[in-house]
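**Student:** just the structure for this:
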Amino acid sequence: MHLTKDEIAKVVKKHSGDAKNTGHTYAQIALYTERINHLTEHLKKNKSDKATMRSLVLMVGRRKSLLDYVKAKDVVKYRELIKELNIRK
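**Tutor:** The predicted structure is shown next:
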């Protein structure tokens, strides 16, 4: 993965309040978003990398499931999270 432990801790702390709470839904969504952005940039340069394409599609699906969960629990936080992570345009 392209993120170091310090970068992961920083992203997790920003979204879950504690740097060690990587299981928090908001932190997982933020980490998936970071990885998706990284893989998207990789695929712009390497268009024929099918394994990475499959991984990207799976990650987008996992993030969508987590976003659906957040949306069902708290719509206001869902909208804030989407706006903050710049997921939808």
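**Student:** ok, residue 3 touching residue 37?
**Tutor:** No - with contact defined as Cβ atoms under 8 Å, residue 3 does not count as touching residue 37 (10.8 Å). No exception for glycine: its C-beta is placed from N, CA and C like everyone else's.
**Student:** list the buried residues of the helix or strand bottoming out on mean pLDDT in the chain.
**Tutor:** Counting by mean pLDDT, DSSP states H and E, the chain has its least confident helix or strand at helix 5-16, which shows a mean of 86. Neighbour counts over helix 5-16 (16 or more other Cβ atoms under 10 Å) mark 8, 11-12, 15-16 as buried.
**Student:** helices or strands up against that helix?
**Tutor:** For helix 5-16, the packing partners by 3 or more Cβ pairs under 8 Å, 6 or more residues apart in numbering; DSSP states H and E come out as helix 25-45.
**Student:** average pLDDT for the helix it packs on, rounded please.
**Tutor:** The average pLDDT within helix 25-45 is 93.
**Student:** ok, stretch 62-73 next?
**Tutor:** Rounded mean pLDDT across stretch 62-73 is 96.
**Student:** please name the nearest non-neighbouring residue to residue 33.
**Tutor:** Of all residues not flanking residue 33 in the chain, residue 85 sits nearest, at 4.9 Å (Cβ to Cβ, 6 or more residues apart in numbering).
**Student:** right, and the one you found touches residue 29 too?
**Tutor:** Yes - with contact defined as Cβ under 8 Å, residue 85 reaches residue 29; the gap is 7.1 Å.
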